[in-house]
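Asker: heads up, no residue letters with this:
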Ligand SMILES: *[C@@H]1O[C@H](CO)[C@@H](O)[C@H](O)[C@H]1NC(C)=O
Ligand SMILES: *[C@@H]1O[C@H](CO)[C@@H](O)[C@H](O)[C@H]1NC(C)=O
Ligand SMILES: *[C@@H]1O[C@H](CO)[C@@H](O)[C@H](O)[C@H]1NC(C)=O
Ligand SMILES: *[C@@H]1O[C@H](CO)[C@@H](O)[C@H](O)[C@H]1NC(C)=O
């Protein structure tokens, strides 16, 4: 858009020059001092070929090349003189000039200048010389995109003849409020003001109140404006265009009454403009572009919107608008772009929008729209993109959807559409231009025959996933290529029975997702041929028993999780980064050729029947110096032997899960050098011996040593360096999980005595589980420093001594299990400080004395305390004697307030939900078969692109 304004201004300028030069007599006019001033100006700058980085189609040349001494300067490129031979116009825009604009520049001796355009040159970080104030005759000044910096000099206000001023695209050119005030007061003839991309953070928007009445064009996008924009500006009688976009701290609202005038373009997108859309908007009879995207507008849409008969671009997306969308679009004959997405509209689709004959883009997605798609439509013959996803639309898919001749993108995902999608198979099916079709997450049914897709010859992305009654079968005539341009093919969680080998000739295919279907048996060599470009293959959650050959030579992600694969591990392609075959029935040893996979980042072979030892080539992948491996999950196999020490070369290892095997080793303290290790699971093996050595484990947030044969004391030093269990800063922007886009690590943890599978691990979830070993001696006090620890389990050991009061400093603790040990003494009062504690088990120890009753401690039941004959008081039936009254905690008052502070801060950070309890916040349970929503390429990238363009102020829709 900025570019458009620029060309508009240049056009304006050039045509003025043109009309002027027509009346000039063809004689040698140039006054010598003017000529030498120009040459002097030229000689102080260097010139290079420039196209301003924009006008790529315009052949570039240097205007100043024609400036030769001794020739008539009035004939030089970009120079205009008046009859007396004085230079009155200079257009050196995009002339590749660079250097400094100095205050003694001869430019400022050209006192007759009326037009000056230096846009698109580079005056490398010079300031605007105050001498500009000498050019009193200037009516047009354009210094945009010239790398100028510093403060705009107050002398600019002396240019009281200015009609047009453009200082845009010069970040960080700064205006002081006072100087700006002077400017708007003094430039009474100003019609065009363009300051996009400048820094106006010091300007109080109130100053715009003094803008001259003659203003026609005001452009202030990306200006760091803050505060309230005066509504009166919208009433300026000649104002045609106003851009305020991308000033997120600018508040304001649209005039509610008496709003009329010649306004053609109104763009307040990406600001904090709020309140409602006023009825008076309907008076803006000349409005062509209305962009209110990503503001805070509330309330409903006025039906007066239907009076904007000249509108071509209408974007009210990303607000908090609600209620009915009035069905008033019938007269918007020239509307080509409408975007109502990401609001809270709850009506039916306005059928008049489907009769718009000029529309090319329609987006009503991410609302609560109900009802069916209209049955009869008479417009949309130019529609290229239709987005209706993430609504509550129901009913069938009407035939017209598949006969829109210009349609390129159709996205209806995440609705409640049902019935068959026969239209795809209709004879009048004309979606020849369709490149992207997404009908995923609906209730569509029926069988699509592959040969019926033949007309979609430009389709590059097809997503029919999560339509559980939809199936796809090959036609009898075999392996005809039906989708020659397809790149992404998503058919997850449908009712597909067979591997779609009809796609074999689709040579551009990169992503196949057939997860969670009914594909049985084997993938044969023949089926696996082709697909040179395949990057991602997801066949997880099917019933495959063997894969003769893995498709795709350049495969990056292979996901065969949760099938019934038997026999040894299939040979993976060389470039594989994600090898995911957990939950199958693989047997044999892990072949050491797996270490030839130089790019392996995640290896998940958990829950198979693999035996033998872990190959000791790990850490020497493909002889690379840089080992990528991030996750190694071998949990739930029958592996024996010890942990190969070569693993310490896997610097990037974040997750090491060797749980539930038969590994016979001592504590691998040497893993402590892996500074990225976050999860270490050794549970249910035959680890033994005392835990000793030097420890760092600086990133560790989960350590599970449970159900082994470890002995000796729990070494206090272990806890000293667990820095990632201390002072965790909670990222308020939402939950984050361990793992990347494609694969999120999962793990099994024990809480309240039961095992839970965490499908994903929050980066703020922390756990120490040393239960069911033979640890003895006291609980180290040092553990109290881990103020971000959430689950602590030392149960089923032989720990002795008192419960250290320092446990009361574990401000984030939600689950504490010390049961079945030999702990003695009283339950320290400090434990009642654990505000988030939802599960407590101290049973089967030798604890004695009264159970503290402060805070929410009285919500724990008998089970938490049973099997301690010496304990008394609620909730146990045994009452305490007089001498056993619960004591106030010893003088740790300072400590306590500190604790209160910690958890209050934590509470603010965690936000609602998470603080309420473990099961709500930290855990994503797998309930039966998880619903995998796996997409390498995120949804609707196109919309995002549009938003991005727009945020840069260069929206070119
Ligand atoms: C405003 O313009 C007038 C006329 O050019 C000039 O005399 C005056 O100094 C200007 N005021 C400021 C504050 O620049
Ligand atoms: C507008 O200009 C007048 C002087 O002409 C000044 O007194 C007033 O404060 C200015 N108003 C704003 C909002 O800057
Ligand atoms: C908005 O305001 C916040 C807080 O004053 C500030 O940190 C931020 O930089 C501002 N953003 C813009 C674009 O002006
Ligand atoms: C819209 O136009 C109709 C017909 O010209 C008129 O009756 C109605 O008052 C207008 N509404 C608004 C809000 O301008």
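Answerer: Structure received. These figures come from a predicted structure and were not determined experimentally. Ligands and ions are numbered 1, 2, ... in the order given.
Asker: what's the span of stretch 844-863, first residue to last?
Answerer: For stretch 844-863, the first-to-last residue distance is 10 Å (Cα to Cα, to the nearest Å).
Asker: same thing with stretch 445-463?
Answerer: Terminal-residue distance, stretch 445-463 (Cα to Cα): 14 Å.
Asker: just the buried residues of it, please?
Answerer: 445-453, 455-463 (16 or more other Cβ atoms under 10 Å). (C-beta placed from N, C-alpha, C; glycine too.)
Asker: repeat that for stretch 760-779.
Answerer: For stretch 760-779, a neighbour-count test (16+ other Cβ under 10 Å) marks 760-773, 775, 779 as buried.
Asker: and stretch 31-48, by the same measure?
Answerer: 31, 34, 35, 37, 38, 39, 41, 42, 44, 45, 47.
Asker: mind checking how far the fifth one is from ligand 2?
Answerer: Translated: residue 38. 38 Å (Cβ to the nearest ligand atom, to the nearest Å).
Asker: where in the stretch 351-500 of the chain is pLDDT low?
Answerer: The stretch 351-500 of the chain contains residues with pLDDT under 70 at 422-429, 476-481.
Asker: in it, which residue sits closest to ligand 1?
Answerer: For the stretch 351-500 of the chain, the residue closest to ligand 1 is residue 361, as judged by Cβ to the nearest ligand atom, at 46.4 Å.
Asker: ok so, going back, filter the buried residues of stretch 445-463 down to the ones in strands?
Answerer: 445, 446, 447, 448, 449, 461, 462, 463 (DSSP state E).
Asker: can you add distance to residue 808 and give these back as JSON lines?
Answerer: As requested, these are exported to JSON lines (distance: Cβ to Cβ, whole Å):
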{"residue": "445", "distance to residue 808": "58"}
{"residue": "446", "distance to residue 808": "62"}
{"residue": "447", "distance to residue 808": "63"}
{"residue": "448", "distance to residue 808": "62"}
{"residue": "449", "distance to residue 808": "68"}
{"residue": "461", "distance to residue 808": "56"}
{"residue": "462", "distance to residue 808": "58"}
{"residue": "463", "distance to residue 808": "52"}
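Asker: out of those residues, the closest to residue 562 would be?
Answerer: Taking Cβ to Cβ as the measure, residue 562 lies nearest residue 463 of those, at 21.2 Å.
Asker: and that closest one, what does it touch?
Answerer: Contact analysis of residue 463 by Cβ atoms under 8 Å, 6 or more residues apart in numbering lists 413, 437, 438, 439, 440, 488, 490.
Asker: kindly recompute the last result at 6 Å.
Answerer: By Cβ atoms under 6 Å, 6 or more residues apart in numbering, the residues touching residue 463 are 438, 440, 490.
Asker: among those residues, which lie within helices?
Answerer: Among the contacts of residue 463, none falls in helices (DSSP state H).
Asker: may I ask which of these has the most neighbours?
Answerer: Within the contacts of residue 463, most neighbours by other Cβ atoms under 10 Å means residue 440, with 27 neighbours.
Asker: distance check, that residue against ligand 4.
Answerer: Using Cβ to the nearest ligand atom, one obtains 40 Å as the distance from residue 440 to ligand 4.
Asker: out of the buried residues of stretch 760-779, which sit inside strands?
Answerer: Per DSSP E, strands hold the following members of the buried residues of stretch 760-779: 760, 761, 767, 768, 769, 775.
Asker: ok, those vs ligand 4, which is closest?
Answerer: Relative to ligand 4, and with distances defined as Cβ to the nearest ligand atom, the nearest of these is residue 760, at 50.8 Å.
Asker: touching, that closest one and residue 737? I think so.
Answerer: Yes - under the criterion of Cβ atoms under 6 Å, residue 760 makes contact with residue 737 at 4.3 Å.
Asker: mutual contacts of the two, please.
Answerer: Common contact partners of residue 760 and residue 737 (Cβ under 6 Å, 6+ apart): residue 744.
Asker: helix or strand: which one has the one residue in the stretch 551-700 of the chain that gets nearest to ligand 1?
Answerer: Distances between the stretch 551-700 of the chain and ligand 1 by Cβ to the nearest ligand atom are smallest at residue 699, namely 60.4 Å. Under DSSP states H and E, no helix or strand contains residue 699.
Asker: now the helices: where do they sit in the stretch 101-250 of the chain?
Answerer: Shown for the stretch 101-250 of the chain, the helices assigned by DSSP state H, counting those that start in this stretch span residues 177-186.
Asker: which ones are touching the residue of the stretch 551-700 of the chain closest to ligand 1?
Answerer: 676, 677, 678, 724.
Asker: buried among those? Make that a PyMOL selection.
Answerer: Buried members of the contacts of residue 699, defined by 16+ other Cβ under 10 Å, are picked up in PyMOL with:
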select buried, resi 677+678+724
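Asker: among the contacts of residue 699, which one sits closest to residue 339?
Answerer: Distance to residue 339, by Cβ to Cβ, is smallest for residue 678 among the contacts of residue 699, at 41.2 Å.
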